[in-house]
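J.: Predicted model and sequence follow; I will ask about them next.
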Number of protein chains: 2
Amino acid sequence: MDPNVRRQKIVEAAQAVATRKGLSATTVRDVAEEMGTSSGLIHHYFASMDQLLAVVFDKVAEADLSATRKRMEVATSPTGRLAAYFAAWGDPDNDETFQFWLDAWSEAGRNDAVRERSRDLNIEWQELLSEVIRQGIETGEFSDTEVDAAAWKALSLLDGLTLQVVAHPTVIERGKAVKWAASGIENDLGLPPGALADAMQDA
Amino acid sequence: MDPNVRRQKIVEAAQAVATRKGLSATTVRDVAEEMGTSSGLIHHYFASMDQLLAVVFDKVAEADLSATRKRMEVATSPTGRLAAYFAAWGDPDNDETFQFWLDAWSEAGRNDAVRERSRDLNIEWQELLSEVIRQGIETGEFSDTEVDAAAWKALSLLDGLTLQVVAHPTVIERGKAVKWAASGIENDLGLPPGALADAMQDA
DNA sequence: TTCACTATTGGACGTACGCGCAATAGAGTT
DNA sequence: AACTCTATTGCGCGTACGTCCAATAGTGAA
């Protein structure tokens, strides 16, 4: 098999296993079995298991981020882009990705590489939000507020609520979580209550 | 050594190790070395390692919750009690405890026992907050709002912001995180901006 | 057809894990 | 002083991990 394809297959197999068992519980033998090959093959392509898992985490996180970016691009107004950003969190399909984040945050405290990557990606998410807020202030859709604070608050509220939805299903209804998160930033940006929810409907 | 004391010593040793390495990375041999005893001893007191770790998690989580309850009791007004609740999150001494929570949320997705315990404790934190909010509405200090939503929003905002502080030091200043979280609930409860921060100073 | 090259195999190696168990030690009772 | 009971030891068992490596298969170039 073509080396590039094989490399990709290995990453995909590792991702599938990690989705089921968690990144830190994913083993070389698991990945080999998932592919139907021998375990030695993995080390022919990846120097270590840690490196493979790092690639997997990066791939999952980047995919999520770029998918959200794409969904935001089609919106025509800052409010619309903000709604697109929020919509990503309400989608049950993203629960698996969020589980990766829960694992990363847990691991970050003790693994330098994970911490740095996790931190950088979180900052990207916050900056994506900051950008939209800045645009909205410029167009006058949002009231003039401290951009950095508003972005971190919105992201953290989304993370905190989604955390409950994903880690403890049944404790908060998914719809409520998104609605509550939207109401928080509506307040900060001077949007009328429900404005974001309406914009999410349209998209 | 007295069996009850020994049991407690084991839990304490396990807690010390888990604080350093994480709950899921804590081994029987680690705990034995921490105590300066043999590894077989642990199994004389605990049927399984999982059971010991469950006790450790419970102990840490309960201690945190009851400490916060105590700190709230001395406050005389709902606003004061709310400030005491928030103060717990700003304390760097609690970072270790919060790391336990990060581990728990990560583990909850794949371990039924952890999920149930984690969920129940999170609900207790939310109810503690709901209670104070209800009191504040009764006294007229807070504006009449949806209690459940306000409490989940406040708790989630605190969790989300603290998550960044603990998992990614340097990305958000600790003081800002608490201030931002306070501003979020001030909005929901109709408190003047800075009211909670002032009340936290007084305590 | 022969030759080089590499993708791939399959198992060995050292390590670490949870757990169980026979042996020991030490304290309290008779 | 003899006995009982249990806290404690120390090691062995089976398993699983990441890693490594000699052997093999398969493919494209000469």
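T.: Yep, it's here.
J.: contacts, neighbours, all on C-alpha from now
T.: OK.
J.: And the most centrally placed residue in chain A, how far from chain B?
T.: Centroid check for chain A by C-alpha atoms, centre = their mean gives A:Asp64 as the closest residue, at 5.2 Å. According to C-alpha to the nearest C-alpha, to the nearest Å, A:Asp64 stands 19 Å off from chain B.
J.: can you tell me the helix or strand for that residue?
T.: Remark: A:Asp64 resides in helix A:49-73, with elements defined by DSSP states H and E.
J.: So which bits of that helix are buried?
T.: For helix A:49-73, burial by neighbour count (16 or more other C-alpha atoms under 10 Å in any protein chain shown) applies to A:52-53, A:55-58, A:60-61, A:64-65, A:68-69, A:71-72.
J.: For DNA strand C, state which of those is nearest.
T.: Relative to DNA strand C, the closest of those is A:Leu52; by C-alpha to the nearest atom of the strand it sits at 15.2 Å.
J.: Ignoring the adjacent residues along the chain, who's closest to that closest one?
T.: Spatial nearest neighbour of A:Leu52, excluding adjacent residues (C-alpha to C-alpha, 6 or more residues apart in numbering or on different chains): A:Phe46 at 6.2 Å.
J.: Just give me how far the longest helix anywhere in chain A sits from the chain centre.
T.: Secondary structure of chain A per DSSP state H: the longest helix is helix A:112-139. The chain centroid and the centroid of helix A:112-139 are separated by 11 Å under C-alpha atoms, centre = their mean, to the nearest Å.
J.: What of stretch A:49-65?
T.: Here stretch A:49-65 is found 12 Å from its chain centre; the criterion is C-alpha atoms, centre = their mean.
J.: And the contacts of that stretch?
T.: For stretch A:49-65, the surrounding residues in contact (C-alpha atoms under 8 Å, 6 or more residues apart in numbering or on different chains) are A:11-12, A:14-15, A:23, A:27-28, A:43, A:46, A:97, A:100, A:114, A:117, A:121, A:125.
J.: same question, stretch A:191-203
T.: Taking C-alpha under 8 Å, 6+ apart as the rule, stretch A:191-203 contacts A:75, A:79-80, A:82-84, A:86-87, A:141-143, A:179, A:182-183, A:186-187.
J.: Sort out which residues of it are buried, please.
T.: A:191, A:196-197, A:199-200.
J.: got these as CSV, with secondary structure and pLDDT columns?
T.: Listed next are the buried residues of stretch A:191-203 as CSV, based on DSSP: H, G, I helix; E, B strand; the rest coil; pLDDT from 0 to 100:
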residue, secondary structure, pLDDT
A:Leu191, coil, 96
A:Leu196, helix, 94
A:Ala197, helix, 89
A:Ala199, helix, 90
A:Met200, helix, 88
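J.: any chance of those in a markdown table, plus distance to A:Asp2?
T.: What follows is those, written out as a markdown table (distance: C-alpha to C-alpha, whole Å):
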| residue | distance to A:Asp2 |
| --- | --- |
| A:Leu191 | 53 |
| A:Leu196 | 47 |
| A:Ala197 | 47 |
| A:Ala199 | 46 |
| A:Met200 | 43 |
